[in-house]
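[1] I'd like to go over a predicted model; first the sequence, then the structure.
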Amino acid sequence: MPCNTRNNNNTPAICCTGGNASERTCIEVDKVFDACISQFSVIETLEVDFEGDTTGYTVTSVQSSGETTLTDVVITPILGSACSRVRYTATVPVTVVATNAAGAQIVGTSTMTFDRDIMLRVPAEGVITPTIKAIVAVTGVQSTLAGSEVTTTACVTIITKVVADVILVIPSYGYPNLPPCQEFTQDVCSGAFSAPVFPR
């Protein structure tokens, strides 16, 4: 029995099994049309919102801590090239941890911004318009603290992607057979119960 009919000719829908060992499955995904990675270091001075007084504290950690927000995204096709010029500003939340001599910690938050001007292949055809997304990881090293200001050398990794929400047809062998979970136990009798019941 077909899953769908088109023009009353009993044509199966594209996602239905076509009589092969595998079936055709439709999945909705963010398809990546192009991507690139940038890695660089930059000295940043951050105004950090600490949760208390920082007197006697030294910075022990500066890390990115949330989703990247992109603003001022501009895509400009390059004449005679398959690539486009992609410009944007990435704003990244960061968490700063400082510790004093007694081992007590104090946590603060701030943001870093990075301007990018790169080339990527951005499809121009289609009703669905691709979007630009970025994943940013920041690790601060050699950080100093003065009041609420933190100066750090930020080691930055940015992965920029051209993505679109699409429906893909992929070969599928159905659902997996999952093994049952093994419950964790600390039963004191487990060692005794694992021994043979009868002598050998």
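    Yep, that arrived.
[2] what about residue 138, distance to residue 128?
    Distance of residue 138 to residue 128, computed by Cβ to Cβ, to the nearest Å: 31 Å. All C-beta spots, glycine's among them, are computed from the backbone N, C-alpha and C.
[3] Have a look at these two and say which one is more surrounded.
    Per other Cβ atoms under 10 Å, whichever of residue 138 and residue 128 has more neighbours is residue 138, with 23 against 11.
[4] pretty sure the more buried one belongs to a helix, no?
    No - assessed with DSSP: H, G, I helix; E, B strand; the rest coil, residue 138 is strand; it does not lie in a helix.
[5] Quick check: it vs residue 131, distance?
    22 Å.
[6] Could you find the closest non-adjacent residue to residue 30?
    Closest residue to residue 30 apart from its sequence neighbours, by Cβ to Cβ, 6 or more residues apart in numbering: residue 163 at 4.4 Å.
[7] for residue 48, that is, sorry about that
    residue 108 (3.9 Å).
[8] so who does that neighbour touch?
    48, 49, 50, 51, 54, 95, 96, 97, 98, 148, 150 (Cβ atoms under 8 Å, 6 or more residues apart in numbering).
[9] any idea how far it lies from residue 186?
    Using Cβ to Cβ, one obtains 40 Å as the distance from residue 108 to residue 186.
[10] Please apply the same query to residue 171.
    Applying Cβ to Cβ, the value for residue 171 to residue 186 is 44 Å.
[11] Residue 146 too?
    Applying Cβ to Cβ, one obtains 50 Å for the distance of residue 146 from residue 186.
[12] Noted, bye for now.
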